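Enquirer: here are the coordinates; sequence isn't available:
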């Protein structure tokens, strides 16, 4: 009877011993995996911080302006002038009725060879 | 023969085998128990000993967590990064673990030849647990040092502050030292004032900190900075500075002062003359002060826009006569005094108000105290406490008292925004928050009159150069050309020029103060008075930034006409 119990106990302790050892090694393995992951995350966070800094540099107005200046000629761009701004509110409202008299006058002047748009263009300094 | 007990040896008493075994087992058990108790005592003692050890986490006297702590990123008002942290490897050694110092020195010098041999040897010798060798290296160097495989030579990842805008916002941001602590500018303010942040810093490793949002608009900041740099070549000035402020909320939109420094290289901040001229420089701001004098006089009720003052003759004080620069020498109305920048007229306006009232008004406008502002680089203004008659006279047109350009920007804001003093700030502030901090210093009617005068000066007076450049954005402002004091006397060849402006004048939003130190004429046609340099710079700045700030150009005459006060007799 006691012998049987002893045998069972010995077996259980051997099994538990090996179980504990297996657990120990599994934990050590997990811990080293964790350390490796932490190191990886750290290095990736480092890379990310550098990339973010890079992006911030590229977004700076002080970085973009020299690029614009360099390509100003090729792209035919100039800083916007005050008179180039407009708004929908600035547009005159459509007349309630067609202005027949004005249209007749316009057609008559076009027939006579005078284009009123020329006068406007000249006064605006475009032509 | 009698048998006595004496003849016998003592009786041999034999214990039974069982008893003998029993005694022996007991003795063994005692020994075993003793051994076990001793064993446990040893283990327990060691545990207690280990528990008593105070782990030394400091690195050369600085807590490790402090060195590896991150700082919150600093963003501008549109979310663009002005300062970020980057992770960099730093090289350190544990001298007590180094086996062969000579070998380590020779090997390290193949990768880092800039380290001196004797310094490195003395650094690596000894029984220390931690010494820095070189901090903030590149990942490539880290890789090469790791390949050397020297025992006791290790890397630690540190946070390093990086300013992507380079020089552009240097005076706002300030800089940090190698331990990532703020030593100037808003960085220092964040550390000194924000106790909560300091506590956070200890735990900040790896934690993402909430970014700090500033009131600065980097686009505007870039343009203001560029114009200041441009002034150094265009006008051969020795220094230039500009500040733009939201007049309703007190938020600083841009603040630039050149010569400046690169915050990524804090040692460049030590170069002479690179101080922040907006906050830490105090100057005689010349005729721009007439705006303040006239505002005070109108507000006191002693003077109205319709009053006339005798500006025919200079005013004598003992040996001195104060006269006008390009004077009209006739009777001038208040708008004319302002437009022609008459010194005589301004003195008369101040006298009508009374010098005590004028001095009290300067206090009310906060011109004789430090501006409440976040930057640590501030200087006290120099305003005479009890000015004599002549001193009060010169003060009325901006001489004999020195204030910072920031003082002027704050005063301009109060004059234009309806008469409310609002302290400037570098952090975001909503209109509601600002309104709760308003201190009324002027009547709204005074503010309206002053807006008219400032706009008038841009249309017809010394601000016309500015108006030409920034036409459509309804700028209004006053020039100031102050002669610099050299060896105790005013120099005729060296000027300090100022332009203090507000735009758009019909619905004022922003105050702009530009100062230029010792400008020369740009070309033969232009002069060296403020209108030609500080004024033109202001015009160019407004012309470029107004569209960004959502101000549409408007050339309508009706806007200017609407600004004329109803009680003005023309």
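Expert: Yes, it's here. From a predicted model like this one, the values you see are computed outputs, not experimental measurements. Numbers count the residues shown, from 1 in each chain, chains lettered A, B, ... in the order given.

Enquirer: any idea which element residue 102 lies in?
Expert: No chain specified, so I'll use chain A. Using DSSP states H and E, residue A:102 sits within helix A:100-111.

Enquirer: looking at chain B here, not the other one
Expert: Using DSSP H and E, residue B:102 sits within helix B:101-111.

Enquirer: output the contacting helices and strands for that helix.
Expert: Counting contacts by 3 or more CB pairs under 8 Å, 6 or more residues apart in numbering or on different chains; DSSP states H and E, helix B:101-111 packs against helix B:117-124, helix B:139-148. Where you see a C-beta, it was placed from the backbone N, CA and C, and this is true even at glycine.

Enquirer: right, and the helix or strand after the shortest one?
Expert: The element immediately downstream of helix B:117-124 (helix or strand, assigned by DSSP H and E) is strand B:131-134.

Enquirer: what packs against that next one?
Expert: Identification of packing neighbours for strand B:131-134 by 3+ CB pairs under 8 Å, 6+ apart yields strand B:81-93, helix B:117-124.

Enquirer: pick the most buried one from these.
Expert: Mean neighbour count (mean count of other CB atoms under 10 Å in any protein chain shown) peaks for strand B:81-93 among the helices and strands packed on strand B:131-134, with a mean of 23.

Enquirer: helix or strand for residue 37, which one?
Expert: Picked chain A for this. helix A:2-59.

Enquirer: to clarify, I was referring to chain B.
Expert: For residue B:37, the host element (DSSP H and E) is helix B:17-52.

Enquirer: now for residue A:40, how many residues are close by?
Expert: 10 (other CB atoms under 10 Å in any protein chain shown).

Enquirer: residues in contact with the residue nearest the centre of chain B?
Expert: For chain B, residue B:185 is the residue whose C-alpha lies nearest the centre (CA atoms, centre = their mean; 3.0 Å). Neighbour list for residue B:185: B:170-175, B:263, B:375-377 [criterion: CB atoms under 8 Å, 6 or more residues apart in numbering or on different chains].

Enquirer: 6 Å instead, please
Expert: Residue B:185 sits next to B:172-174 when contact means CB atoms under 6 Å, 6 or more residues apart in numbering or on different chains.

Enquirer: pLDDT at the nearest residue to it once chain neighbours are set aside, what is it?
Expert: Sequence neighbours aside, residue B:174 is the residue nearest to residue B:185 in space, at 1.9 Å (criterion: CB to CB, 6 or more residues apart in numbering or on different chains). pLDDT for residue B:174: 83.

Enquirer: residue B:174 contacts residue B:190, correct?
Expert: No: counting by CB atoms under 6 Å, residue B:174 does not reach residue B:190; the two are 9.3 Å apart.

Enquirer: these two: which is more packed in?
Expert: Using other CB under 10 Å, the more surrounded residue of residue B:174 and residue B:190 is residue B:174, with 26 against 20.

Enquirer: quick check: that one vs residue B:215, distance?
Expert: Distance of residue B:174 to residue B:215, computed by CB to CB, to the nearest Å: 16 Å.

Enquirer: returning to what we had before: mind putting the helices and strands packed on strand B:131-134 in a markdown table, distance to chain A and mean pLDDT included?
Expert: Below are the helices and strands packed on strand B:131-134 laid out as a markdown table (distance: least, CB to the nearest CB, whole Å; pLDDT from 0 to 100):
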| stretch | distance to chain A | mean pLDDT |
| --- | --- | --- |
| strand B:81-93 | 4 | 85 |
| helix B:117-124 | 26 | 85 |
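
Enquirer: export the ones you listed as JSON lines, with columns for distance to residue B:439.
Expert: Output for the helices and strands packed on strand B:131-134, formatted as JSON lines (distance: least, CB to CB, whole Å):
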{"stretch": "strand B:81-93", "distance to residue B:439": "30"}
{"stretch": "helix B:117-124", "distance to residue B:439": "58"}
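
Enquirer: so which of these comes closest to residue B:312?
Expert: Of all these, it is strand B:81-93 that lies closest to residue B:312, at 54.7 Å by CB to CB.

Enquirer: just the residues contacting the closest one, thanks.
Expert: Contacts of strand B:81-93 with the rest of the structure, by CB under 6 Å, 6+ apart, involve A:46, A:49-50, A:52-53, A:56, B:70-71, B:73-76, B:124, B:131-137, B:142, B:152-160, B:162-165, B:169, B:173.

Enquirer: just the buried ones from those residues?
Expert: Neighbour counting by 16 or more other CB atoms under 10 Å in any protein chain shown classes A:46, A:49-50, A:52-53, A:56, B:70-71, B:73-76, B:124, B:133-135, B:137, B:142, B:153-160, B:162-165, B:169, B:173 among the contacts of strand B:81-93 as buried.

Enquirer: if I look at the residue in the stretch 251-400 of chain B that chain A sits nearest to, how far off is residue B:186?
Expert: For the stretch 251-400 of chain B, the residue closest to chain A is residue B:264, as judged by CB to the nearest CB, at 10.6 Å. As for residue B:264, its distance to residue B:186 is 16 Å (criterion: CB to CB).

Enquirer: who has more neighbours, these two?
Expert: Higher neighbour count among residue B:264 and residue B:186: residue B:186, with 25 against 17, using other CB under 10 Å.

Enquirer: the helix or strand containing the more buried one versus strand B:81-93: what angle between them?
Expert: Assigned by DSSP H and E, residue B:186 belongs to helix B:185-193. Counting by axes from the mean of the first three to the mean of the last three CA atoms, to 10 degrees, helix B:185-193 lies at 70 degrees to strand B:81-93.
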